[in-house]
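Trainee: What would the 3D arrangement of this be:
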Amino acid sequence: MTQTFSISLLVEDFIGEANGVCTAFVAAKEALKKEEGITIHLNTHYKQSDLIHAHSIGLKYLWVSYFHKKKLIVSAHVVPGSFIGSLIFSRLWQPIATSYLKWVFSRASLVIAVSSVVKEELQSIGVNTRIEVLCNSVDRERFKKDPKARLSIRRQLGLKDDDFVAICVGQIQPRKGIYDFLDTAKNCPDITFVWVGGRPYGRLTADYRRLTKVCDHAPKNVVFTGTIDYEEMPAYYSMADVYFLPSFQENFSFATIEASACELPLILRDNVEYPRTLFTHYLMGNNSDAFSRLIKILHSSEKKLKIAQKESATLASRYELKTYIRELIGFYREFIN
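Mentor: I've put the predicted structure just below:
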């Protein structure tokens, strides 16, 4: 007989669609609702539920951790380094943020880290609760190449059917490598660069004035779409030819594996965390010149483009949502029993 239980999924109201935390929450919520024997509550029924799974660590989490610590699981999507280049004055208040992260994660009975790098960093700052690794995943039934969507989104953006397009998905901030993105666009005038995402923190965004200036005077081959609804994202990936994320720090990028599921070659910065999660399924660079060379190579060589597409699709197969949910439910059952 299948064990039945109920889960309260928690996420803060301020977490918007432009955030990977929201992506994690939405993907888990939709997948868990399809599972037999599991009742899902959203930000309610904390007392009645068998366990609480938090995806954010704000005021709701603090309240729940005070009254329901024994049945609290939290997913760790951020580490101290996530704030550098994201919010203003982050280097000044990072020590406070580090202490806060140590304290809030230690209040849970189980922490689920989105990568082994995140687990190690949390342990290094003194988080003393149990930490397990469960990497982010992608729903390959939703995120897949769609030729019809490719044409329709291009027409919406005023792009030609034969334009070569590099897409980046993320918040517009220094940590995500926006300056290298724009410099690379300058170096590749025959290629279109599309940035999907906005600045949800407004004037609290790091380097806000400079960002505003450079984005307002971006090269003519750059398109900023602003924030796009999660349901539309597969179409935007399908519209592009390569995925280009010059971010300086990622814990485990949802957008990267979503792009890989849509068979987009991945061009990323040579970050220390990538080899453990992305293995050899991406192309790497460290500056705009290197990024420009890689994009031009894929633009000019159909053979190399197809090889990179195949490598990227292989990566997506490693992070199936169905596998993630099965392992997550395993943690739930162990926790309840």
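Trainee: Model confidence for the residue nearest to residue 202 when sequence neighbours are not counted, exactly?
Mentor: Distances taken as C-beta to C-beta, 6 or more residues apart in numbering put residue 208 closest to residue 202, at 7.7 Å, once the chain neighbours are dropped. C-beta coordinates here come from the backbone N, C-alpha and C atoms, glycine included. Per-residue confidence at residue 208 stands at 91 (pLDDT).
Trainee: Tell me how far residue 208 lies from residue 93.
Mentor: The gap separating residue 208 from residue 93 is 16 Å, by C-beta to C-beta, to the nearest Å.
Trainee: ok, which stretches of the stretch 151-300 of the chain are helices?
Mentor: 178-187, 208-216, 233-239, 254-261, 274-277, 288-300 (DSSP state H, counting those that start in this stretch).
Trainee: just checking, what packs against the longest one?
Mentor: Under the contact criterion of 3 or more C-beta pairs under 8 Å, 6 or more residues apart in numbering; DSSP states H and E, the helices and strands touching helix 288-300 comprise helix 178-187, strand 242-245, strand 266-269, strand 283-285, helix 302-317.
Trainee: Low-confidence stretches in this structure?
Mentor: 1-2, 14-19 (pLDDT under 70).
Trainee: and residue 215, how far is that from residue 193?
Mentor: According to C-beta to C-beta, residue 215 and residue 193 sit 12 Å apart.
Trainee: which one of these two has more residues nearby?
Mentor: Taking residue 215 and residue 193 together and counting by other C-beta atoms under 10 Å, residue 193 has the greater number of neighbours (23 against 15).
Trainee: Quickly list what that one is bridged to.
Mentor: Beta-bridge partners for residue 193, by DSSP bridges, are residue 166, residue 222.
Trainee: Wait, it touches residue 222, no?
Mentor: Yes. Contact between residue 193 and residue 222 holds when scored by C-beta atoms under 8 Å: they sit 4.9 Å apart.
Trainee: before we move on, back to that, the more surrounded of residue 208 and residue 93?
Mentor: Relative neighbour count places residue 208 above the other of residue 208 and residue 93, with 17 against 13, counting by other C-beta under 10 Å.
Trainee: show me the contacts for the more buried one.
Mentor: With contact set as C-beta atoms under 8 Å, 6 or more residues apart in numbering, residue 208 has these partners: 88, 199, 202.
Trainee: What segments of the stretch 1-150 of the chain are helices?
Mentor: Along the stretch 1-150 of the chain, counting by DSSP H, counting those that start in this stretch, helices occupy 20-33, 59-67, 90-106, 116-124, 147-157.
Trainee: and the last one, which residues are buried?
Mentor: Along helix 147-157, these residues count as buried under the neighbour rule (16 or more other C-beta atoms under 10 Å): 149, 150, 153, 154.
Trainee: and what of the second one?
Mentor: For helix 59-67, a neighbour-count test (16+ other C-beta under 10 Å) marks 60, 61, 64, 65 as buried.
Trainee: From these, pick the one nearest residue 49.
Mentor: Of all those, residue 64 has the smallest distance to residue 49: 10.3 Å, by C-beta to C-beta.
Trainee: wait, the closest one sits on residue 52?
Mentor: Yes. The criterion here is C-beta under 8 Å, and residue 64 meets it with residue 52 at 5.7 Å.
Trainee: list residues touching both of the two?
Mentor: 10, 46, 72.
Trainee: give me every residue that touches the first one.
Mentor: Listed by C-beta under 8 Å, 6+ apart, the contact set of residue 10 reads 43, 46, 52, 53, 54, 55, 56, 60, 61, 64.
Trainee: Do I have it right that residue 205 meets residue 211?
Mentor: Yes. In this structure, residue 205 is within contact of residue 211 by C-beta under 8 Å, at 6.5 Å.
Trainee: Weed out the non-buried ones from the contacts of residue 208.
Mentor: When the contacts of residue 208 are checked for burial by 16+ other C-beta under 10 Å, the buried set is residue 199.
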